[in-house]
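K.L.:
pasting the sequence and the predicted model now:
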Amino acid sequence: MASFTLHGIPVSRGIAIGRAHLLTPAALDVKHYLVAEEHMEAEVRRLQEAIAEVHRGLQALWTDLPKDAPTELGAFIDVHALILSDPMISEAPLDIIRTRHYNAEWALVTQIDELSAQFDEIEDAYLRERKADIQQVAERVLKVLMGSAQLVPPPLSEGEYQPPMIVVAHDISPADMLQFRDRSFIGFVTDVGGQNSHTAIVARSLDIPAAVGMSQASSLVEQDDWVIIDGDAGVVIANPSPLVLEQYRARQALMLKARKKLLKLKKTPAVTRDGTAVTLLANIELPDDCPGALEAGAQGVGLFRSEFLFMGRAGHAHKIPTEDEQFEQYKKAVLAMKGRPVTIRTLDIGADKPLDQAEHTALNPALGLRAIRYCLAEPALFLTQLRAILRASAFGKVRMLIPMLAHAFEIDQSLAMIEQAKAQLREAGVKYDTGIEVGAMIEIPAAALSLPMFVKRMDFLSIGTNDLIQYTLAIDRVDYEVAHLYDPLHPAVLQLIAMTIAAGKKAGIDVAVCGEMAGDTKLTRLLLGMGLREFSMHPAQLLSVKQEILNSDLGAIMAQTRKIMRTCEPGAIAEAVEQLRIG
Ligand code: PEP
Ligand code: MG
């Protein structure tokens, strides 16, 4: 097989070498051809056998369900088995083979397309959503017909060897990505996505190499091809020659060695050469990330992206986690951090983190009903989350962080709702931390340009540079076609960050950066020079940032940073930031 190289956007460091596991939707890959009269019955049987095999697979899933599996999971399998037995699926495509001479895959897809169109007409939203079930069942049959792999291979049994796998897909939603947490996947490659799409962020939090915006990867790479991801360069090499493979293995070994060295810094306090202490916090998505955060020496959680508890709940009875479910998860994180502060961000749903793929209909989701806007429009949902967070605050130090604020009335309404949640808990005799701190994310330029409004009302600020860059430069952070315009060093972005840090200092309140800039070692000194003393990032980046801090001399850095802030020339800024880093 010929070797080829693809270039995309580097989103997560390191080198991964493994076999490709393709996640292309089977329906997109279906071959269309006509079957000769004499082979028609054989084609019919091929489809019947595939349907029977999927039936057996569903049966096996049923019998293998663990005892503690949620009851909805069984119901979910039942629904799929019922759909599969329906004549609309099990017989109609056979007629299409016989009458139109289509091959089995084409006949099935034709029938499903027709059914889907009928579903689109249905008014009842619940029934309309069943279209997705039908498509999933058809996908299962197609995959058997085409002999391709399942979405996620079953977990390995003990002692079983499988070569490390690299997921190659057109796109992977953050929720889907969560499925890969416990598997032997060592890298991700997607056709779409940008440096700071949430998919990229999740890849970084899993601490595995990834490259996105690879444009054609999912159609060029084939199942089981050997693939190298160079996460630092955003390069993917398929079917590498033995020589190239050898070179990458050597580089990989060197990186591992450097990493082992970093591990020794785990317990070293993050203090600059001239004695200024810096707080290093972790960004987490689920409470299970806490042990990893502690392992990396995090002094607390600076950003718990609570929306991950709300996503990917297809098999659950409730689309939204209940107050008790949420409380248990928040409490789990608080206890796991053993007295260190845990900053829980309230639900930041919408844009590239839709609660439900089917609801992803806003014309311009990044500018739409997202995050706090969504929560204020759904007060019952918001109050439920606020009560759950407050209840967890009785078990350790919890801080609340509100995303996407721009208006004073949004801050006031949020604070009023927090008071309402507190009152409800008091009435019910439930404990919470009465001194709980509430902070605002500064991630909309309007917020960074009206800081007095924020510092007056809030206990702390946290700069979400991912969105701040997106909204300042008017580029969609998930659109790879404008990814080259995503620039953390744009003078406008730097000014907004510096202003926020300065305003916090003047008002005597803490300011953190919790966007991706905080974990980028190329920017550590620049942020230190602006006065930042609280960095929140993926645990995987924490030790490298600490190493940078340990080698920094604040006096020199501050003088250079002041100079950078007076410059408006991108070339000069880039050069000065590089000097700052190596200097
Ligand atoms: C940000 O916008 O920088 C941020 C930290 O939040 P998120 O990436 O979850 O939008
Ligand atoms: Mg954000």
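P.N.:
Alright, I've got the coordinates. Ligands and ions are numbered 1, 2, ... in the order given.

K.L.:
which stretches of the stretch 1-150 of the chain have low pLDDT?
P.N.:
Where the stretch 1-150 of the chain drops to pLDDT under 70, the residues are 1, 24-29, 64-76, 124-130, 132, 148-150.

K.L.:
hmm, try it at 50
P.N.:
149-150 (pLDDT under 50).

K.L.:
what's the answer for the stretch 351-500 of the chain, then?
P.N.:
358.

K.L.:
for residue 440, grab phi and psi.
P.N.:
When quoted as degrees, to the nearest 10, the phi and psi of residue 440 stand at phi -120, psi 140.

K.L.:
contact partners for residue 411?
P.N.:
By CB atoms under 8 Å, 6 or more residues apart in numbering, the contact set of residue 411 is 402, 405, 440, 453, 454, 457, 458. All C-beta spots, glycine's among them, are computed from the backbone N, C-alpha and C.

K.L.:
that one: which element?
P.N.:
Residue 411 belongs to helix 408-427 when assigned by DSSP states H and E.

K.L.:
over to residue 330?
P.N.:
Secondary structure assignment for residue 330, by DSSP H and E: helix 323-336.

K.L.:
immediately after that helix, which helix or strand?
P.N.:
Under the assignment DSSP H and E, the closest C-terminal helix or strand after helix 323-336 is strand 342-345.

K.L.:
what does that next one rub up against?
P.N.:
Strand 342-345 has contacts (CB under 8 Å, 6+ apart) with 281, 300-306, 330, 333-334, 389, 392, 396-403, 439, 441, 462, 536.

K.L.:
and the helix holding residue 330, what's buried?
P.N.:
For helix 323-336, the neighbour count (16 or more other CB atoms under 10 Å) marks 326, 327, 329, 330, 331, 332, 333, 334, 336 as buried.

K.L.:
secondary structure element for the residue lying closest to the fifth one once chain neighbours are set aside?
P.N.:
Closest residue in space to residue 331, ignoring its immediate chain neighbours: residue 392 at 4.6 Å, by CB to CB, 6 or more residues apart in numbering. When elements are assigned from DSSP H and E, residue 392 belongs to helix 379-392.

K.L.:
helix 408-427 and that helix, what's the angle between them?
P.N.:
Counting by axes from the mean of the first three to the mean of the last three CA atoms, to 10 degrees, helix 379-392 lies at 60 degrees to helix 408-427.

K.L.:
residue 579 contacts residue 563, correct?
P.N.:
No. With contact defined as CB atoms under 8 Å, residue 579 does not reach residue 563; the gap is 10.1 Å.

K.L.:
now do the residue in the stretch 151-300 of the chain that ligand 1 sits nearest to against ligand 2, distance only.
P.N.:
Nearest residue of the stretch 151-300 of the chain to ligand 1 (CB to the nearest ligand atom) works out as residue 201 at 5.9 Å. Per CB to the ion, to the nearest Å, residue 201 is found 10 Å from ligand 2.

K.L.:
which element, helix or strand, includes that residue?
P.N.:
Assigned by DSSP H and E, residue 201 belongs to helix 198-205.

K.L.:
only alpha carbons, please: show that helix as PDB.
P.N.:
The C-alpha trace of helix 198-205 is given here as PDB (Å, rounded to 0.1, in the frame of the first residue of the first chain):
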ATOM      1  CA  HIS A 198     -14.500  20.800  22.000                       C
ATOM      2  CA  THR A 199     -13.500  17.600  20.300                       C
ATOM      3  CA  ALA A 200      -9.900  18.800  20.200                       C
ATOM      4  CA  ILE A 201     -10.100  19.800  23.900                       C
ATOM      5  CA  VAL A 202     -11.400  16.400  24.800                       C
ATOM      6  CA  ALA A 203      -8.500  14.800  22.900                       C
ATOM      7  CA  ARG A 204      -6.100  16.800  24.900                       C
ATOM      8  CA  SER A 205      -7.800  15.900  28.100                       C
END
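
K.L.:
same for the helix or strand following it, what does it pack against?
P.N.:
Counting by DSSP H and E, the element after helix 198-205 in chain order, helix or strand, is strand 210-212. Applying 3 or more CB pairs under 8 Å, 6 or more residues apart in numbering; DSSP states H and E, one finds that strand 210-212 makes contact with strand 9-12, strand 185-190, helix 198-205, strand 226-230.

K.L.:
mean confidence for whatever helix or strand comes next after strand 210-212?
P.N.:
Using DSSP H and E, the helix or strand that follows strand 210-212 towards the C-terminus is helix 217-220. When pLDDT is averaged along helix 217-220, the result is 88.

K.L.:
so what touches helix 217-220?
P.N.:
Helix 217-220 has contacts (CB under 8 Å, 6+ apart) with 4, 6, 8, 22-24, 168-170, 189-191, 236, 238.

K.L.:
do that again at 7 Å, thanks
P.N.:
4, 6, 22, 24, 168, 169, 170, 189, 191, 236 (CB atoms under 7 Å, 6 or more residues apart in numbering).
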